[in-house]
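S.K.: Got a predicted structure here, sequence first:
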Amino acid sequence: ETGVTQTPRHLVMGMTNKKSLKCEQHLGHNAMYWYKQSAKKPLELMFVYSLEERVENNSVPSRFSPECPNSSHLFLHLHTLQPEDSALYLCASSQGRFKPRGQETQYFGPGTRLLVL
Amino acid sequence: EDQVTQSPEALRLQEGESSSLNCSYTVSGLRGLFWYRQDPGKGPEFLFTLYSAGEEKEKERLKATLTKKESFLHITAPKPEDSATYLCAVRGGGSYIPTFGRGTSLIVHP
């Protein structure tokens, strides 16, 4: 596997279910990101984990819970979601702060298409 | 606060009709300007990173240029398979987290 991978690629869940999205990066990066992308809307940053810090978008509901056990893996735990949470969830990775020029690019995974019924 | 504005929001071209997409930005200490292509339902695919004014990069029918205030993505003789949303992002010296624009949706008609 190369680059950034995400599983599952598609997920349908009811509002009472609990599920998790998984992301893995094989690029040696030390920062990982979760984004939400709804139809016709721009990318919305949800969470960032890096060696230096964890960053949260304060507008993200608590029914989304991230977990980053190491620099290569990132999870997004989902519980009691709402239909408006249906979207494409994208994982990305990059080098974090204080890295040499030439290593700033952020790379994305293929996304998980989530449908909440 | 870093800001990115992309224009136009949507662009329709005939096959072979060259055009340019614009990305205007304000950033403190540019560390990189990024262009991505995104197909519907898929993750953004990295195209280019530009670092300083005057820099240009090319890939097939695409050419990205950079000034101190904006970047252009020039599309020469586009084909229907170039249809996608093109995203621009910047990374400033104050944060390693990039700021994205809303994208330009390009449709190329055969």
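M.R.: Nice, thanks for sending it over. None of these values were measured; they are calculated from a predicted model.
S.K.: And residue B:79, how close does it get to chain A?
M.R.: According to C-beta to the nearest C-beta, to the nearest Å, residue B:79 stands 23 Å off from chain A. C-beta: built from backbone N, CA, C; applies to glycine.
S.K.: need the contact list for that residue.
M.R.: Shown in contact with residue B:79 (C-beta atoms under 8 Å, 6 or more residues apart in numbering or on different chains): B:15, B:61, B:108.
S.K.: Flag every residue of chain B that's near chain A.
M.R.: Proximity of chain B to chain A (C-beta under 8 Å from any C-beta of the partner chain) is limited to residues B:31-32, B:34, B:36, B:41-46, B:49, B:51, B:87, B:89, B:91, B:95-98, B:100-103.
S.K.: circling back: mind checking which of the contacts of residue B:79 are in strands?
M.R.: residue B:108 (DSSP state E).
S.K.: Buried among the residues of chain B next to chain A? Need that as a selection in ChimeraX.
M.R.: Typed into ChimeraX, the next command selects the buried ones out of those (criterion: 16 or more other C-beta atoms under 10 Å in any protein chain shown):
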select /B:31,32,34,36,42,43,44,49,87,89,91,95,96,97,98,100,101,102,103
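S.K.: Which of the residues of chain B next to chain A fall in strands?
M.R.: If you go by DSSP E, these have B:31, B:32, B:34, B:36, B:45, B:46, B:49, B:87, B:89, B:91, B:100 in strands.
S.K.: quick check, nearest of these to chain A?
M.R.: Distance to chain A, by C-beta to the nearest C-beta, is smallest for residue B:32 among these, at 4.0 Å.
S.K.: just checking, that closest one touches residue A:106?
M.R.: No: using C-beta atoms under 8 Å, residue B:32 is not in contact with residue A:106; the gap is 9.2 Å.
S.K.: Show me whatever sits in contact with both of the two.
M.R.: Contact with both residue B:32 and residue A:106 is made by residues B:91, B:98, according to C-beta under 8 Å, 6+ apart.
S.K.: Having no further points to raise, I will conclude here.
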